[in-house]
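Trainee: Give me a model of this one.
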Amino acid sequence: QVQLVESGGGLVQAGGSLRLSCAAAASGRTFSIYTMGWFRQAPGKEREFVAVINWSGRTTHYADSVKGRFTISRDTTKNTLYLQMDSLKPEDTALYLCAKTNYGLVTGPDQYDSWGQGTQVTVSS
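Mentor: Below is the predicted model:
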């Protein structure tokens, strides 16, 4: 079982940056073996894929809407996943959540588990 806790959200102006963190506490199998993803969910909308990173950190995949602006990374020594968000836009406003998957670089939320509670990101125009 892996418990995930997100942090780093806040209010930022359009064009600004934020760095989200997802701290993992794992029992048994370690954090480093899992593929990890970031999703976001705006009020009244479905949960949307943002980015995913494989267990080694060498392979990543991004949603087209964030490609070139967001960077996913992980530090296995700290059991932490990150999402660096630059050039933020008002449409990036959402609750951001991290989760793990056993299925590789997948983008469907149904293929992920161990969801955190999320951290709110609000981008003002």
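Trainee: Would you mind measuring from residue 94 to residue 62?
Mentor: 15 Å (CB to CB, to the nearest Å). Backbone N, C-alpha and C define where each C-beta goes, glycine included.
Trainee: Residue 10 too?
Mentor: 22 Å.
Trainee: Who has more neighbours out of those two?
Mentor: Between residue 10 and residue 62, counted using other CB atoms under 10 Å, residue 62 has the larger neighbour count: 19 against 13.
Trainee: burial measure for the closest residue to the more buried one other than its chain neighbours, as a count.
Mentor: Closest residue to residue 62 apart from its sequence neighbours, by CB to CB, 6 or more residues apart in numbering: residue 51 at 4.9 Å. For residue 51, the count of nearby residues is 24 (other CB under 10 Å).
Trainee: helix, strand or coil for residue 51?
Mentor: Put simply, residue 51 is strand when judged by DSSP: H, G, I helix; E, B strand; the rest coil.
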